[in-house]
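Asker: dropping a prediction and its sequence here:
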Amino acid sequence: MAVLFWLSVALILYTYLGYPALLAVLARLRPSPRPLPQHTPSVTLLIAAYNEQTVIASKLENSLALDYPPERLEIIVAADGSDDQTPAIVRNFASPSFPVTLVYQPERRGKMAAINRSIQQAHGEVVVFSDANNTYAPDTLRHLVAPFADPGVGAVSGAKTIQKGDGALGESEGLYWKYESFIKKQETRLGNCTGVSGEILAIRRALYAPPPERIINDDFCLAMQTIRQGYRVVYAAPARSFERVSASAKDEAIRRSRMIAGRYQAMLAPQLLPWRNPLVIWQVVSHKFLRPLVPFAMLGALIGNLGVLLFPTRPTQPGLWALSAPFGWILLALQAIFYALAWLGGIIHRNDSLSRSKIGKLLYLPAFLVNSNLSAVSGLYRFLSGQQTALWQRVARREDNA
């Protein structure tokens, strides 16, 4: 039981701390990246918008105001299946002075099918994939396409930023994406970034190969396809995408469970991975495939700890590693305190005023971590039961309730 406990703890620590630390050490052994020259290829901004009538107008206004040569930018909105006012709103933006094109058919076949159909009308050297519920900083496109000055770069992902002011859930989600940003920077120094954000992802149009329409995490599939073709995927931190946090912890759990179901789908599809690049394989396993296993490691740590205390044996070498007294009780108490804080953080989060206080935001961190791992278990169930498909309902965001 002590072995189960320590193996579980080792998996958790490696996934959250060990891998980022190793990345940072290895990245420091690589030369610093050179400054990028100005590069303004023709760009197609492809926006996926399924029933986004509440945000599509502001998204298009933001896109048209971007600091990028207008003669080198076209905008396509893929709105297949939308049965609200999304197509009509997009049509109102289409005019000779606004390079906005609507691609729409009533039949809904999923996001990937809509993108695969829409990209046939793209003319840009670089295609930038975006969602309807995020906005870009004015200079985002310039930063996002700058790495393409290197002919070896095939895809570029920007930074996902959660807007402030949405309480403890927003603060925790924002902290998570800062953590992700650190990892992506180190991965890029090593050659390839394995974590990309589908709402701010650019790819050379010539390299685009339509992923299977049944794919759940299309952004991960596109990144792996690019690497398999011999090109690099890099992270451009100055290219910033902003969005509001999910409307509630329940909505955030649904979003994460869908994402984790896609991870399990990828884990069982080895043809997606660039097996000729062992460094990338290590990165993918450490960054993407171990995280869905963390909740089971958390359970293993608890079971191992309880097992030693409930069914004690005489260890050959008593001490911390054998969880002999008092170490077993101390470690169990620490686990109990952590889960108690997570429970308390969840209670406080239900009170809007308390959740916005400093203590509320701090206490919600363990709740956010526990909820994220519960979502991973839900994602596994959704994948095994076949409930999660490429057809998914949009999750409510704070702007929907604004």
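Answerer: Looks like it came in fine.
Asker: let's check: the centremost residue of the chain is which one?
Answerer: By Cα atoms, centre = their mean, the chain has its centre lying nearest to residue 197, at 5.5 Å.
Asker: which residue is the nearest non-sequential neighbour of it?
Answerer: Nearest residue to residue 197, sequence neighbours excluded (Cβ to Cβ, 6 or more residues apart in numbering): residue 160, at 4.6 Å. C-beta coordinates here come from the backbone N, C-alpha and C atoms, glycine included.
Asker: secondary structure element for that neighbour?
Answerer: According to DSSP states H and E, residue 160 maps onto strand 153-162.
Asker: now do the same for the residue nearest to residue 197: its pLDDT.
Answerer: As predicted, residue 160 sits at a pLDDT of 91.
Asker: which residues touch it?
Answerer: Contact analysis of residue 160 by Cβ atoms under 8 Å, 6 or more residues apart in numbering lists 134, 177, 180, 197, 199, 200, 241, 243.
Asker: give me the spatial nearest neighbour of the last one, chain neighbours excluded.
Answerer: Pointing back at residue 243 there. Among residues not flanking residue 243 along the chain, residue 134 sits closest, at 4.1 Å (Cβ to Cβ, 6+ apart).
Asker: circling back to that earlier point, any idea which helix or strand comes after the strand holding residue 160?
Answerer: Counting by DSSP H and E, the element after strand 153-162 in chain order, helix or strand, is helix 167-190.
Asker: so after the worst-scoring helix or strand of the chain on mean pLDDT, what's the next helix or strand?
Answerer: Taking mean pLDDT, DSSP states H and E as the measure, the chain has helix 352-355 as its least confident helix or strand, at a mean of 60. Proceeding N to C from helix 352-355, the next assigned helix or strand is helix 358-385, under DSSP H and E.
Asker: so what secondary structure elements neighbour that next one?
Answerer: Applying 3 or more Cβ pairs under 8 Å, 6 or more residues apart in numbering; DSSP states H and E, one finds that helix 358-385 contacts helix 167-190, helix 249-267, helix 294-310, helix 327-349, helix 352-355.
Asker: in that helix, what's buried?
Answerer: Residues of helix 358-385 classed as buried: 360-361, 363-376, 378-380, 382-383 (neighbour count, 16 or more other Cβ atoms under 10 Å).
Asker: tell me the mean pLDDT for the longest strand along the chain?
Answerer: In the chain, taking DSSP state E as the definition, the longest strand is strand 232-243. Taken as a whole, strand 232-243 carries a mean pLDDT of 94.
Asker: and it with helix 167-190, angle?
Answerer: 160 degrees (axes from the mean of the first three to the mean of the last three Cα atoms, to 10 degrees).
Asker: give me the three-state assignment for residue 143.
Answerer: helix (DSSP: H, G, I helix; E, B strand; the rest coil).
Asker: residue contacts, the residue nearest to the centre of the chain?
Answerer: 157, 158, 159, 160, 219, 241.
Asker: quick one: the residue nearest to residue 227 when sequence neighbours are not counted and residue 285, what's the gap?
Answerer: Among residues not flanking residue 227 along the chain, residue 274 sits closest, at 4.5 Å (Cβ to Cβ, 6+ apart). Distance from residue 274 to residue 285, counting by Cβ to Cβ, to the nearest Å: 12 Å.
Asker: so if I had to pick from the two, which one is more boxed in?
Answerer: When neighbours are counted by other Cβ atoms under 10 Å, residue 274 and residue 285 differ, and residue 274 comes out ahead with 20 against 14.
Asker: which stretches of the stretch 1-150 of the chain form strands?
Answerer: Remark: strands assigned in the stretch 1-150 of the chain by DSSP state E, counting those that start in this stretch are 43-48, 73-78, 100-103, 126-131, 135-136.
Asker: for the shortest one, packing partners?
Answerer: Applying 3+ Cβ pairs under 8 Å, 6+ apart, we find strand 135-136 packed against helix 56-64, strand 232-243.
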